[in-house]
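Novice: okay, predicted coordinates and the sequence, questions at the end:
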Amino acid sequence: MANKEFQKTIYAPATLEFVTVAAQFCVFLEQSSGRFKREFVETMLRLLPLLYVKATLLPRVESDGAFLPDDKVTEADYDFVRQTVYDIMQGDDDYEELVYDATILTDESRWQSVSEGLADMYQAIRNFVSVYQERIEDCMTDALWALMDNFELYWGQSLVDTLRQLHKLRYTRQKDLDEDTL
């Protein structure tokens, strides 16, 4: 890829818009300790759809992984975000999800959690944002490629599942949010 074309991808408006929303998502999760459930849910209901749309608009990049950056999110960072969200969600953290199992051609019930779903998204997105903050262009391209690969395989579906649960809580279980707890 020519240098100019290379820079067009990593600094494309769609890429920079994603970086902006992704940074807001990460900062919100990192600073959510002590938030009320209502505020947390309503903010996530605004950020998650925006994050999804911005991810779908990212330019495609090719990579051989030569400059794939190391993960920046530590296990302690992941656990902090997961525990913070769990503390906010309390009894609304776990939910049952029907997942189609192609091997037995039927739906299978699985338990998911909002806190793990958001922590998984946070890990992938924060790793990406960290690379953009360092501004090492070769790594930025590989980070963009890794983010999109991970979006297609994992965190995109996790986002949709988590959003669905938060929507359900907000619009069908309003009473639980009216009795706001920390």
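Specialist: Noted; the coordinates are in hand. Residues are numbered from 1 along each chain as shown.

Novice: centre-most residue in the protein?
Specialist: The centroid of the chain falls nearest to residue 121 when counting by CA atoms, centre = their mean (2.9 Å).

Novice: quick one, phi/psi of that one?
Specialist: phi -60, psi -50 (degrees, to the nearest 10).

Novice: correct me, but it touches residue 157?
Specialist: No. Residue 121 is beyond contact range of residue 157, at 10.3 Å (criterion: CB atoms under 8 Å). Bear in mind the C-beta positions are built from the backbone N, C-alpha and C, glycine included.

Novice: so what's the residue nearest to the centre of the chain up against?
Specialist: 25, 51, 155, 158-159, 162 (CB atoms under 8 Å, 6 or more residues apart in numbering).

Novice: can you confirm residue 69 is in a strand?
Specialist: No. Residue 69 is assigned coil when assessed by DSSP: H, G, I helix; E, B strand; the rest coil, not a strand.

Novice: could you check how far it is from residue 49?
Specialist: 28 Å (CB to CB, to the nearest Å).

Novice: more neighbours, these two?
Specialist: residue 69 (17 against 14; other CB atoms under 10 Å).

Novice: isn't the more buried one up against residue 144?
Specialist: No. Look at residue 69 against residue 144 with CB under 8 Å: they stay out of range, at 10.8 Å.

Novice: what does the pLDDT read for residue 2?
Specialist: Looking at residue 2, its pLDDT is 47.

Novice: can you check residue 172 too?
Specialist: Listed pLDDT for residue 172 reads 87.

Novice: mind listing the helices for the protein?
Specialist: Here the chain has its helices, by DSSP state H, at 3-10, 13-30, 37-56, 75-89, 114-134, 137-150, 156-172, 174-178.

Novice: tell me which of the ones you listed is the most buried.
Specialist: Ranked by mean neighbour count, the helices of the chain are led by helix 114-134 with a mean of 22 (mean count of other CB atoms under 10 Å).

Novice: and that one with helix 156-172, angle?
Specialist: 130 degrees (axes from the mean of the first three to the mean of the last three CA atoms, to 10 degrees).

Novice: residue ranges with poor pLDDT in this protein?
Specialist: Residue ranges of the chain with pLDDT under 70: 1-7, 99-102, 104, 174-182.

Novice: let's go with 90 and repeat that
Specialist: Where the chain drops to pLDDT under 90, the residues are 1-9, 60-70, 95-111, 136-138, 172-182.
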